[in-house]
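Asker: Sequence and predicted structure are below.
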Amino acid sequence: MKKSIYDMLSRKGVLPVSMLTAYDYHTACTIDEAGIDMILVGDSLGNVMLGYENTLAVTVDDMIHHGKAVCRGAKNALVVVDMPFMSYQTSVSDAVANAGRIMKETNCQAVKLEGGAEYADRIKAIVQAGIPVVAHIGLTPQSVNMLGGYKVQGKTVEAAQKLIDDAKAVAEAGAFAITLECVPAALAKKVTEMVPALTIGIGAGKDCDGQVLVYQDMLGYTDGFTPKFVKKFANLHEVMLEAFKQYKEECEQRTFPAPNNTFTISEEVLEKLY
Ligand code: KIV
């Protein structure tokens, strides 16, 4: 059964929600089979799928292309698709038009956008158009150039109060969930207790209403830098590297393909060829 935003909201204070990113059909199928509640087609696809240095180059068309594939694979999980940089910042009407395009063309259940009180008008208008919204505050990667890097947010009184004010503003505007990225755990707990929306943490401690991770990070897909908040539940990089090396070796040694990977033809047919 497809999970709804109301199924997710009923989990607040009852049972934490699990969320992972996905960007393709097969990963979405496997995440769905594991019973994960929500899938995020994150604009992190710019980094982890397309090899960009940050998320800024990702387009609405990129999000739709990957969002469609994920939605085809997610039979039960609620799918949220990110609104990329400059798809909602420019105006309320751009925000509604792009959110509408993303929902119509991908078949997702919600969109996510980065920003707090300053984007409450966008959130309100998108929700009024019938599109559920997840807000994203704390470390907002689309503002990396303003933030001066990927740092923990909300450490001073002013910054922590702004985070609380932002959470209240986006919840008031109608966001059913709020991603809290790189926020001290005690602050995330406070926010979680203060808003009716579900808080979904990434680097925000265990007291959020749910957790989200980039699936490549939690699978150990690469051997590059791993943020402190990531736990590697597998080491896929090692498994893949070993498999690729063994394949290369077997190609060169002609031990692959073996007879059971090979199609045959009768000698009789072969003999008639000239
Ligand atoms: O784009 C993304 O993957 C995200 C998560 C880091 C929450 O926004």
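Answerer: Everything's here; your move.
Asker: Walking through the stretch 101-250 of the chain, point out its helices one by one.
Answerer: 120-128, 144-147, 157-172, 185-194, 215-219, 236-253 (DSSP state H, counting those that start in this stretch).
Asker: Those residues of the stretch 51-200 of the chain touching the ligand, which are they?
Answerer: 82, 136, 179, 181 (CB under 6 Å from any ligand atom). Backbone N, C-alpha and C define where each C-beta goes, glycine included.
Asker: how does it look with 8 Å?
Answerer: Contact residues (CB under 8 Å from any ligand atom) of the stretch 51-200 of the chain with the ligand: 55, 82, 112, 114, 136, 141, 179, 181, 200.
Asker: which parts of the worst-scoring helix or strand of the chain on mean pLDDT are buried?
Answerer: Lowest by mean pLDDT, DSSP states H and E among the helices and strands of the chain is helix 144-147, with a mean of 93. Across helix 144-147, burial judged by 16 or more other CB atoms under 10 Å covers V144.
Asker: ok, now which ones touch A125?
Answerer: In this structure, A125 makes contact with 92, 95-96, judged by CB atoms under 8 Å, 6 or more residues apart in numbering.
Asker: Touching stretch 198-210 from outside, list them.
Answerer: Residues contacting stretch 198-210 (CB under 8 Å, 6+ apart): 8-9, 11-13, 16-19, 37-38, 134, 138-139, 152, 167, 176-186, 188-189, 191-192, 211-213, 227-229.
Asker: among those residues, which ones are buried?
Answerer: By 16+ other CB under 10 Å, the contacts of stretch 198-210 give 8, 12, 16-19, 37-38, 134, 138-139, 152, 167, 176-184, 188-189, 191-192, 211-213, 229 as buried.
Asker: so of the residues you listed, which ones are in strands?
Answerer: If you go by DSSP state E, those have 17-19, 38, 134, 138, 177-181, 211-213 in strands.
Asker: What's the end-to-end length of stretch 197-206?
Answerer: End-to-end span of stretch 197-206 (CA to CA, to the nearest Å): 16 Å.
Asker: What residues sit buried inside that stretch?
Answerer: 197-205.
Asker: ditto for stretch 142-158
Answerer: In terms of neighbour count (16+ other CB under 10 Å), stretch 142-158 has its buried residues at 142, 144, 152-154.
Asker: Look through this protein and state the residue closest to the ligand.
Answerer: Proximity of the chain to the ligand (CB to the nearest ligand atom) peaks at G42, 2.3 Å away.
Asker: What is the burial count for F263?
Answerer: F263 has 5 neighbouring residues, counting by other CB atoms under 10 Å.
Asker: Now name the helix or strand holding it.
Answerer: Under the criterion of DSSP states H and E, F263 resides outside all helices and strands.
Asker: What distance do you get for M49 to A110?
Answerer: Going from M49 to A110 by CB to CB, to the nearest Å gives 21 Å.
Asker: Those two: who's more crowded?
Answerer: More crowded of M49 and A110, by other CB under 10 Å: A110, with 24 against 16.
Asker: That one bridge partners, please.
Answerer: Beta-bridge pairing for A110 (DSSP bridges): V80.
Asker: can you tell me how far it sits from Q246?
Answerer: Distance, A110 to Q246, by CB to CB: 42 Å.
Asker: Next: I39.
Answerer: Distance, I39 to Q246, using CB to CB: 32 Å.
Asker: neighbour-wise, which of those two wins?
Answerer: Remark: of I39 and Q246, I39 carries more neighbours, 30 against 12, as counted by other CB under 10 Å.
Asker: wait, that one sits on D82?
Answerer: No - in this structure, I39 is not within contact of D82 by CB atoms under 8 Å, at 11.5 Å.
Asker: Check the ones in strands among the buried ones among the contacts of stretch 198-210 and tell me the two furthest apart.
Answerer: Greatest spacing in those, by CB to CB: S18 and G138 (19.3 Å).
Asker: just to revisit the earlier point, so how do I select the buried members of the contacts of A125 in ChimeraX?
Answerer: Selection of buried members from the contacts of A125 for ChimeraX, criterion 16+ other CB under 10 Å:
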select :95,96
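Asker: possible to save the contacts of A125 as a markdown table with distance to A160 and pLDDT?
Answerer: Compiled in a markdown table, those are given as follows (distance: CB to CB, whole Å; pLDDT from 0 to 100):
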| residue | distance to A160 | pLDDT |
| --- | --- | --- |
| V92 | 29 | 98 |
| A95 | 27 | 98 |
| V96 | 31 | 98 |
